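> Predicted model and sequence follow; I will ask about them next.
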Amino acid sequence: MRILSLGGAGAVCQYATRDLAEFSTCEQIVIGDYNVAAAEQLAAEIGDPRLEVVRVDADDHAGLVRLFQGFDVVLNGLPWKYDLAVTRACVEAGVSGLDVSTEEDQWDYDAAARQKGIVFVPGVGATPGITNIMASRGANQLDEVDEIQINFAAFRCIGPSPGLLITVLWEFNPRTKERLYYRDGRFHRVGPFEGLKTVHFPNPIGAQEVCYIPHPETRTMPKSLGAKAVSVRGCFPPHVMRLMKVLLESGFLSETPVTVKGVQTTPLEVMHELLIQLPESKQNPLWGYGLLVEVYGKRDGRDVKVTLWNRHPPAEEWGGPAAYYKNIAIPLSIGAQMISRGDVLQRGVVAPETAFDPDVFIAELARRRIEIHEKIEEYHVVGHSRFM
């Protein structure tokens, strides 16, 4: 088996490449990156003879198709703007793949992927990704799923890379249409900072205020897990949340054209360029990822709540920023390995909760010291009001 780690020398995906080298049994691992020097340095650091490096131009569609045809699985760690391009190239090349984020139009390639006999899984990171696996695990223990509540705390700086900065700016942009929750048979659109509630994540993150975030779990799980209601709420470190609220209220997320010193631009573009250059945008007091998923439903006629949460080694042990990045990259590597060894039987463009056996995935996470904890509770009304 040959696996292509696309963008495999980047800030996040380098840890997927490292995981492939440590845990996979594939014959060859190729780091495909525009930055050949960084890829060669990473390969030298890892020191695995299976590693090779190839230069990749993600804007060259024909080149991507030709390259992909030499592999069994494509692991995509490129910025989200290339999600659709990689999916399209995988389908045309007839090669299975997966990526860390999700673009709505990726699902349009489902029929073509099935016709080619391949699988492509969007959104295999922490959230979406691990949260899909947690929700699937909870749903599998119920006869009927009433509601799935997904909560995350992404503790990292606001601008560790251009792609991750764009993610934050997009998630709190008032024009983002994908900020939805599902209930009563339909999707409800909400604005930034709506749906506020306090969630208690494992220490050291602790209690944090979360709000609705535009993540694809909301769109896939009503169908894939039969949930009657699905929501995703999340947060970043408190100082990032405060900054985003000020930018939103001050109009700095606007895309209305303005002229700055003779240059036509938008407030959003100005803020992006400013934040990506400020040293403070790359600093954070605590790095890590908190995930908490609550699945409500019925089992044997009784109301049941399944709560799942994660734990991982602290930043001091995992190397500062790596305590955040590994929670995204390791699931990507696990997914690629499960596809390569034939664990994924589905074909088409499918969500993580459909593609992967949750128990196998969770066991693989545990091998990397990412633990998923679980609590199952029965609950019921003990008395009825005479006014009901």
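Perfect, thanks for sending it. Just so you know, these numbers come straight off a predicted model, no measurement behind them.
> What distance do you get for the closest residue to residue 72 other than its chain neighbours to residue 96?
Nearest non-adjacent residue to residue 72, counting by CB to CB, 6 or more residues apart in numbering: residue 1, 4.7 Å away. C-beta coordinates here come from the backbone N, C-alpha and C atoms, glycine included. From residue 1 over to residue 96 the distance is 11 Å, taken as CB to CB, to the nearest Å.
> Neighbour count for those two, which is higher?
For the pair residue 1 and residue 96, the greater number of neighbours falls to residue 96 (24 against 17), based on other CB atoms under 10 Å.
> Quickly list the domain ranges of the protein.
For the chain, whose domains are defined here by automatic domain parsing, the residue ranges read 2-122, 130-321.
> Show me the one of those that comes nearest residue 334.
For those, proximity to residue 334 was assessed by CB to CB; domain 2-122 is nearest, at 7.6 Å.
> distance between the ends of that closest one?
Domain 2-122 has its terminal residues 20 Å apart, counting by CA to CA, to the nearest Å.
> now stretch 242-259
End-to-end distance (CA to CA), stretch 242-259: 27 Å.
> Figure out how far the worst-scoring helix or strand of the chain on mean pLDDT is from the centre of its chain.
The helix or strand with the lowest mean pLDDT-type score in the chain, counting by mean pLDDT, DSSP states H and E, is helix 162-171 (a mean of 91). Chain-centre distance of helix 162-171: 13 Å, with CA atoms, centre = their mean, to the nearest Å.
> Count the residues that sit near residue 106.
A total of 23 residues lie near residue 106 under the criterion other CB under 10 Å.
> Which residues are in contact with it?
Neighbour list for residue 106: 83-84, 87, 120, 122, 349 [criterion: CB atoms under 8 Å, 6 or more residues apart in numbering].
> Filter these down to the ones in helices?
Secondary structure from DSSP state H places 83-84, 87 of the contacts of residue 106 in helices.
> So residue 210 versus residue 203, what's the distance?
From residue 210 over to residue 203 the distance is 17 Å, taken as CB to CB.
> Those two: who's more crowded?
Using other CB under 10 Å as the criterion, residue 210 and residue 203 rank with residue 210 on top: 23 against 11.
> May I have the residues that are in contact with the more buried one?
Neighbour list for residue 210: 151-153, 196-199, 233-235 [criterion: CB under 8 Å, 6+ apart].
> which one among those gets closest to residue 321?
In terms of CB to CB, no member of these lies closer to residue 321 than residue 153, at 15.6 Å.
> Could I get the phi/psi values of that closest one?
Reported as degrees, to the nearest 10, the phi and psi values for residue 153 are phi -130, psi 100.
> For residue 353, see how far away residue 114 is.
In this structure, residue 114 lies at 18 Å from residue 353, with CB to CB as the measure.
> Just the CA atoms of the longest helix seen in the chain, as CSV, please.
Taking DSSP H as the assignment, the helix of the chain that covers the most residues is helix 322-340. This file holds the C-alpha atoms of helix 322-340, laid out as CSV (Å, rounded to 0.1, in the frame of the first residue of the first chain):
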residue,chain,number,x,y,z
ALA,A,322,1.4,19.8,19.2
ALA,A,323,-1.2,19.2,22.0
TYR,A,324,-3.7,20.9,19.7
TYR,A,325,-2.4,19.8,16.3
LYS,A,326,-2.2,16.1,17.2
ASN,A,327,-5.9,16.0,18.0
ILE,A,328,-6.6,16.9,14.4
ALA,A,329,-3.8,15.1,12.6
ILE,A,330,-3.9,11.7,14.4
PRO,A,331,-7.5,11.0,13.4
LEU,A,332,-6.6,11.8,9.8
SER,A,333,-3.8,9.2,9.9
ILE,A,334,-6.0,6.6,11.6
GLY,A,335,-8.7,7.1,9.0
ALA,A,336,-6.2,6.7,6.2
GLN,A,337,-4.8,3.5,7.7
MET,A,338,-8.3,2.0,8.2
ILE,A,339,-9.1,2.7,4.5
SER,A,340,-5.8,1.3,3.3
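> so it versus helix 162-171, what angle?
For helix 322-340 against helix 162-171, the angle by axes from the mean of the first three to the mean of the last three CA atoms, to 10 degrees is 100 degrees.
> Could I get the contacting residues of residue 89?
By CB under 8 Å, 6+ apart, the contact set of residue 89 is 61, 64-65, 68.
> Read off the pLDDT value for residue 48.
Here the pLDDT value assigned to residue 48 is 97.
> What is the burial count for it?
In terms of burial, residue 48 registers 14 neighbours under the definition other CB under 10 Å.
> Let me know how buried the closest residue to residue 255 other than its chain neighbours is, in neighbour terms.
Closest residue in space to residue 255, ignoring its immediate chain neighbours: residue 266 at 4.8 Å, by CB to CB, 6+ apart. Residue neighbour count, defined by other CB under 10 Å, stands at 16 for residue 266.
> Could you do residue 205 as well?
Residues contacting residue 205 under the criterion other CB under 10 Å number 19.
> Residue 303 should be in a strand, yeah?
Yes - for residue 303, which was evaluated using DSSP: H, G, I helix; E, B strand; the rest coil, the result is membership in a strand.
> OK, contacts around it?
Under the criterion of CB under 8 Å, 6+ apart, the contact list for residue 303 reads 296-297, 378-380.
> For those residues, pick the one with the most neighbours.
residue 297 (23 neighbours).
> and residue 295, backbone torsions?
phi -120, psi 120.
> Leaving out chain neighbours, which residue sits closest to it?
What sits nearest to residue 295 in space, not counting adjacent residues and going by CB to CB, 6+ apart, is residue 138, at 3.2 Å.
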